[in-house]
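Participant: Got a predicted model here, sequence first, then my questions.
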There are 2 protein chains.
Amino acid sequence: MIPILSIVGKSDSGKTTFIEKLLPELVRRGYRVATVKHDVHGFEVDREGKDSWRHKQAGAHTTVISSPQKIALIRDVEKDFTLTELREKLIQDVDLILSEGYKNDVQPKIEIFRTEKHKELLCTKEDNLVAIVSDKEFDVGVSCFFLDDVKGVADFIEKKFLKSKKEEGVTLKVNGRTVPLKPFIRDFLLGSIKGMVRSLKGCEKPKKIEIQIED
Amino acid sequence: MIPILSIVGKSDSGKTTFIEKLLPELVRRGYRVATVKHDVHGFEVDREGKDSWRHKQAGAHTTVISSPQKIALIRDVEKDFTLTELREKLIQDVDLILSEGYKNDVQPKIEIFRTEKHKELLCTKEDNLVAIVSDKEFDVGVSCFFLDDVKGVADFIEKKFLKSKKEEGVTLKVNGRTVPLKPFIRDFLLGSIKGMVRSLKGCEKPKKIEIQIED
């Protein structure tokens, strides 16, 4: 599962600017990063008159423009998706998801804080705050980094979020909900399914098995 | 699995215009449709200076803007994705995927043809052509519809592509590749996994089971 980390902070704290400095450092270290920006007011990205714009105007729920270099997608939603939902439905092929904002989501957060702009922190440890990036130090039980310490923050992210991705894992979802598995059940599922799959032609070395059953 | 259908035709045959007429008819019948437009030359959708544009410029592999009404996503790719790959990675929550173009993809196709513009059909039955929409009739072994017969085409699509979505299905992927399952293996997998899952607390009535195993 792709780890999610939110960069939060009051308005004008410099979230986008910090993300602009952090991204090249993570990319330099070989990671692929997706960013998510929350826009509660709605936005316009497509251009009037383009074929994709015409499809959307004519009632398409989702419109995709695909080229050999990049893909763009615009889709309708009935509600504000959580970061977990965005990961599940749309985000693939990356090592980390960095959101700008999403203070109220359950994901771990790094807060950007500037003394010249604000008096108090936006988040506490109860909000799943894991670090603060600021021009002053805080004693609130989480790691603190100075605003220009992009390398330090990248080290922290790498250590805390990017090292665990190599574990062997079994995920079981029933009716869309992830079912927690005790070690015994986990090993039982793992053993039986791997055993069955290995007996199929061409599947002798399964690295990744995905099964979906619908009633 | 969401069915895919391509609307193909030589340039200037009126593909976008036909899709613009077909979409409202399918939406009126209660279907959610995604459209895919192939753009081999690259395109620009995001706007300079916006936060999401700044994320992408700073090296984000994927950038998402999420609002309570709609979501936009822009991501890098290393190659031209097939329609099946687009479905697998990005398209969810719809009943049908309609592509504009993708003549060389394996998916079923409806060709738009105008005698005033072209002399010969672009596709044959070997290209998985399933219907022709034109101002003349063809005797090539596929259904023919007149250009203004949007209802007829919608009936055809509904009957051929939208009725089979209620079947119980098992999908098995090993190392990212879908493994074809003979009925016996399919029933064996279905029976054993459902049996195991039903014995777990709270999973007595599994409607949808998803298992992912990674080495």
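Facilitator: Thanks, I have the structure now. Numbering: from 1, shown residues only, chains lettered A, B, ... in the order given.
Participant: What segments of chain A are helices?
Facilitator: Taking DSSP state H as the criterion, chain A contains helices spanning A:15-28, A:51-57, A:83-89, A:150-161, A:183-198.
Participant: Let me know which of those is tucked in deepest.
Facilitator: Compared across the helices of chain A, helix A:51-57 shows the largest average neighbour count, a mean of 21 (mean count of other Cβ atoms under 10 Å in any protein chain shown). Glycine gets a C-beta too; all of them are placed from N, C-alpha and C.
Participant: just to revisit the earlier point, of all the helices of chain A, which one comes closest to residue A:3?
Facilitator: Go through those one by one with Cβ to Cβ and the one that ends up closest to residue A:3 is helix A:150-161, at 4.2 Å.
Participant: what about that closest one, near chain B?
Facilitator: No - applying Cβ under 8 Å from any Cβ of the partner chain, one finds helix A:150-161 separated from chain B by no less than 11.5 Å.
Participant: Compute the inter-axis angle for that helix and helix A:15-28.
Facilitator: Computed by axes from the mean of the first three to the mean of the last three Cα atoms, to 10 degrees, the angle separating helix A:150-161 from helix A:15-28 equals 70 degrees.
Participant: Next, residue A:200: phi, psi?
Facilitator: Torsion angles at residue A:200 (phi, psi; degrees, to the nearest 10) stand at phi -90, psi 150.
Participant: And it, how far from residue B:178?
Facilitator: In this structure, residue A:200 and residue B:178 are 12 Å apart, going by Cβ to Cβ, to the nearest Å.
Participant: who's more crowded, the two?
Facilitator: Per other Cβ atoms under 10 Å in any protein chain shown, whichever of residue A:200 and residue B:178 has more neighbours is residue A:200, with 17 against 13.
Participant: and the closest residue in space to the more buried one that isn't next to it in sequence, what does it touch?
Facilitator: Spatial nearest neighbour of residue A:200, excluding adjacent residues (Cβ to Cβ, 6 or more residues apart in numbering or on different chains): residue B:179 at 6.3 Å. Contact criterion Cβ atoms under 8 Å, 6 or more residues apart in numbering or on different chains gives A:197, A:200, A:202, A:203, B:172, B:173 as the residues in contact with residue B:179.
Participant: And the pLDDT for the first one?
Facilitator: If I follow you right, that is residue A:197. Model confidence at residue A:197, given as pLDDT, is 86.
Participant: Give me the domain ranges for chain A.
Facilitator: With automatic domain parsing serving as the domain definition, the record reports that chain A contains domains spanning A:4-40+A:82-166, A:44-79, A:168-215.
Participant: Of all the ones you listed, which one is nearest residue B:70?
Facilitator: domain A:44-79 (5.4 Å).
Participant: The closest one: which residues count as buried?
Facilitator: Judged by neighbour count (16 or more other Cβ atoms under 10 Å in any protein chain shown), domain A:44-79 contains these buried residues: A:45-46, A:50-56, A:58-67, A:70-77.
Participant: Residue A:100 is in contact with residue A:16, correct?
Facilitator: Yes - with contact defined as Cβ atoms under 8 Å, residue A:16 counts as touching residue A:100 (6.3 Å).
Participant: who touches both of those two?
Facilitator: Between them, residue A:16 and residue A:100 have B:51, B:55 as joint contacts when contacts are counted by Cβ under 8 Å, 6+ apart.
Participant: out of the domains of chain A, nearest to residue B:118?
Facilitator: The closest of the domains of chain A to residue B:118 is domain A:44-79. By Cβ to Cβ, the value is 19.4 Å.
Participant: Can you give me the end-to-end span of that closest one?
Facilitator: This stretch, domain A:44-79, spans 18 Å end to end (Cα to Cα, to the nearest Å).
Participant: so what's residue A:12 up against?
Facilitator: When the contact criterion is Cβ under 8 Å, 6+ apart, the partners of residue A:12 are residue A:117.
Participant: and it, backbone torsions?
Facilitator: The phi/psi pair for residue A:12 (degrees, to the nearest 10) reads phi 70, psi 20.
Participant: And it, how far from residue A:116?
Facilitator: Here residue A:12 is placed at a distance of 10 Å from residue A:116 (Cβ to Cβ).
Participant: Next: residue A:64.
Facilitator: Applying Cβ to Cβ, the value for residue A:64 to residue A:116 is 44 Å.
Participant: I'd guessed residue A:31 sits against residue A:161; true?
Facilitator: No - at 9.8 Å, residue A:31 does not count as touching residue A:161 under the criterion of Cβ under 8 Å.
Participant: do you know how far residue A:195 is from chain B?
Facilitator: Using Cβ to the nearest Cβ, to the nearest Å, we find residue A:195 at a distance of 10 Å from chain B.
Participant: Quick one: low-confidence residue ranges for chain A.
Facilitator: In the predicted model of chain A, residues A:42, A:45-48, A:163-169, A:183 satisfy pLDDT under 70.
Participant: any chance you could map the strands in it?
Facilitator: Along chain A, the stretches classed as strands by DSSP state E are A:4-8, A:33-38, A:62-66, A:70-76, A:96-100, A:109-113, A:129-134, A:143-146, A:169-174, A:177-178, A:208-214.
Participant: Relative to residue B:133, which of these is closest?
Facilitator: Closest approach to residue B:133 among these is made by strand A:62-66 (21.1 Å; Cβ to Cβ).
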